[in-house]
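K.L.:
Here is a sequence with its predicted model. Questions after.
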Amino acid sequence: MEQKSKDPLHGKRLDAILEELVDYYNGFEELGKQINIKCFTDNPSINSSLKFLRKTDWARAKVESLYLYVLRQKKKSARDSD
């Protein structure tokens, strides 16, 4: 019997996480206000941000943490609208 991981990051690609955050915050400008790192505030793009996040553990941890927060917010707002 196959067990499903309870980790919401399990199997989630970094590019998918980043695209979801950019979409949730309506662009890099607002995302950069949430996480003030240069790859989000200075001429940002998905590709340049991915390059930076893949080699910078502390920044990736911040992005993953924000993503988990966004997931909780989405669940909460879905419950509130029921």
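P.N.:
Yep, that arrived. Residues are numbered from 1 along each chain as shown.

K.L.:
Quickly find the element holding Phe40.
P.N.:
helix 38-41 (DSSP states H and E).

K.L.:
which residues touch that helix?
P.N.:
Phe28, Leu31, Gly32, Ser48, Ser49, Phe52, Leu53, Ala59 (CB atoms under 8 Å, 6 or more residues apart in numbering). Every residue, glycine included, has its C-beta placed from N, CA and C.

K.L.:
quick one: average pLDDT of the next helix or strand after that helix?
P.N.:
As assigned by DSSP H and E, the chain's next helix or strand after helix 38-41 is helix 46-55. Mean pLDDT, helix 46-55: 96.

K.L.:
starting at the chain centroid, how far to whatever helix or strand comes next after helix 46-55?
P.N.:
Proceeding N to C from helix 46-55, the next assigned helix or strand is helix 57-81, under DSSP H and E. Computed by CA atoms, centre = their mean, to the nearest Å, the separation of helix 57-81 from the middle of its chain amounts to 7 Å.

K.L.:
Next: stretch 19-39.
P.N.:
Distance, centroid of stretch 19-39 to centroid of chain: 8 Å (CA atoms, centre = their mean).

K.L.:
Could you pull out the buried residues of it?
P.N.:
Leu21, Val22, Tyr24, Tyr25, Phe28, Leu31, Gly32, Ile35, Ile37, Cys39 (16 or more other CB atoms under 10 Å).

K.L.:
just stretch 49-60 next, same as before
P.N.:
Buried-residue list, stretch 49-60, by 16+ other CB under 10 Å: Ser49, Leu50, Phe52, Leu53, Ala59, Arg60.

K.L.:
With that, I have no additional questions.
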